[in-house]
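> Fold the following.
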Amino acid sequence: MKLELLYCRPTAATVAHPIPILFVHGSYCGAWVWSEHFMPFFARAGFTCHAVSLRGHGGSEGRFFSASLDDYVSDVRQAIDHIGGRCILVGHSMGGLVAQHCLADGDEVAAAVLMSSVPPSGLASSALHMSVFSPDVCMQLALLQSVGPAAVKGEVIRKALFAAETPAEDVARLLPRFQQESQRICVELMNPPRPRLPKPAGALPILVMGGDRDVLVPSFALYETAAYFDAELEVMSGAPHGLMLDSLWWEPTADRILGWLLAQGL
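Predicted coordinates for the structure are as follows:
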C-alpha cells in the first residue's frame, strides 16, 4: 500500500543533523498539518523532515473506515523503514498514541515527542471531561465524523483546536482540509491496548507536551502519559490542542521542541 510521505530537507547552508524527524498526524487530518509550519521550521534548523499520512488520509492509499490502531502503527513502521530506520518520532493527538506503540520496537526511534497525545489508557476520561465542559465540541466532532467538514461550524472547531485569539480566517482556510476518521479507531481509542515500555527503562528520551486550554486532551491526560513513560513534561499555559497549526502557538511549541532535541544531543 502506497502511503503519502511529505518531506522537507535542510538548505545547503544549514549544518545538518544526522537523525531525521518523522511526524505523525492525529485524527481527521493528514501529513499536511506538519507542512504548514513545523517541517519548514525544523528544516531551517538542519533536520531532514518527513510526515506520513496514515492509510486513507491525505494522499495515502487504503480504506480508513475500518482501520485499527495496529494498522496505523504498521503505517508508521513502514514510513520508518522507508526513510532509512533510525529517526526522531513526533506524534500529535491520536498520532501520539500510535507513536507510543512504536517506541518499544528495537532501536529505530532515537527520541520521541508526544504532543497533546492520547494517553496510554485512551480517551474515555477525556471524552467524559469534554462532554461535561465542551458539549458543543462533542456535537461538532460527531458531525465531522458522520457528514464531513462541510457540516461543521468553524467557531466550534476553533474552540476544539485553536486559541480563542486565532483569526477566524485561519480556521476557515484549514477547515475544508479535515476529513472523517476510522469508525473502528474512534471506538478503539476509548480503551486501547497499553503500549509496551521501551527497554531499558528511561533510556529513550521522551518529551510529553500540551496545553492547559486543550478541550480534547486535558492536562490530566498529559500527566498520565509522562508518568507512564517516565518522560519530561511541559504543560504550556494557554495553549490549545492544535499546537502545530495555531498561528499563535506553533512557533513557541516548535522552539521548545528544538531546544529539547538539541539538549539531547540530537
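
> Run through the stretch 1-150 of the chain and note the low-pLDDT ranges.
Filtered on pLDDT under 70, the stretch 1-150 of the chain yields the residue ranges 12-13, 133, 143.

> try 80
The model of the stretch 1-150 of the chain has pLDDT under 80 over residues 11-16, 64, 105-107, 127-150.

> What ranges does it have for its strands?
5-8, 21-24, 49-52, 87-92, 109-115 (DSSP state E, counting those that start in this stretch).

> tell me how far stretch 100-108 is from the chain's mean position?
With C-alpha atoms, centre = their mean, to the nearest Å as the basis, stretch 100-108 stands 16 Å off its chain's centre.

> Okay, buried residues for it please.
100-103, 108 (16 or more other C-beta atoms under 10 Å). In short, each C-beta sits where N, CA and C put it, glycine included.

> just to revisit the earlier point, mean neighbour count, the strands of the stretch 1-150 of the chain: which tops it?
Of all the strands of the stretch 1-150 of the chain, strand 21-24 has the most neighbours on average by mean count of other C-beta atoms under 10 Å, namely a mean of 28.

> thinking again about what came up before, would you list the strands of the stretch 1-150 of the chain in CSV and tack on distance to residue 194?
Shown next, in CSV, are those (distance: least, C-beta to C-beta, whole Å):
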stretch, distance to residue 194
strand 5-8, 28
strand 21-24, 19
strand 49-52, 23
strand 87-92, 16
strand 109-115, 15
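
> Nearest to residue 160 among those would be which one?
Nearest to residue 160 among those is strand 87-92 (13.7 Å), distances taken as C-beta to C-beta.

> Against which helices or strands is that closest one packed?
Where contact means 3 or more C-beta pairs under 8 Å, 6 or more residues apart in numbering; DSSP states H and E, strand 87-92 is packed against strand 21-24, helix 69-82, helix 94-100, strand 109-115.

> With distance to residue 175 as extra columns, can I get these in CSV?
Compiled in CSV, the helices and strands packed on strand 87-92 are given as follows (distance: least, C-beta to C-beta, whole Å):
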stretch, distance to residue 175
strand 21-24, 21
helix 69-82, 23
helix 94-100, 19
strand 109-115, 21
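
> Of those, give the one that comes closest to residue 188.
helix 69-82 (5.4 Å).

> Distance of the closest residue in space to residue 111 that isn't next to it in sequence relative to residue 161?
Closest residue to residue 111 apart from its sequence neighbours, by C-beta to C-beta, 6 or more residues apart in numbering: residue 205 at 4.3 Å. According to C-beta to C-beta, to the nearest Å, residue 205 stands 27 Å off from residue 161.

> and what of residue 88?
On the measure of C-beta to C-beta, residue 88 and residue 161 end up 24 Å apart.

> mind listing the helices in the stretch 51-200 of the chain by residue range?
69-82, 94-100, 124-133, 135-146, 154-161, 168-174, 183-188 (DSSP state H, counting those that start in this stretch).

> now the last one: how far from the chain's centre is it?
Going back to what we said before, that points to helix 183-188. With C-alpha atoms, centre = their mean, you get 17 Å for helix 183-188.

> follow-up on the earlier one: of all the helices of the stretch 51-200 of the chain, which gets the most neighbours per residue?
Among the helices of the stretch 51-200 of the chain, ranked by average contacts under mean count of other C-beta under 10 Å, first place goes to helix 94-100 (a mean of 28).
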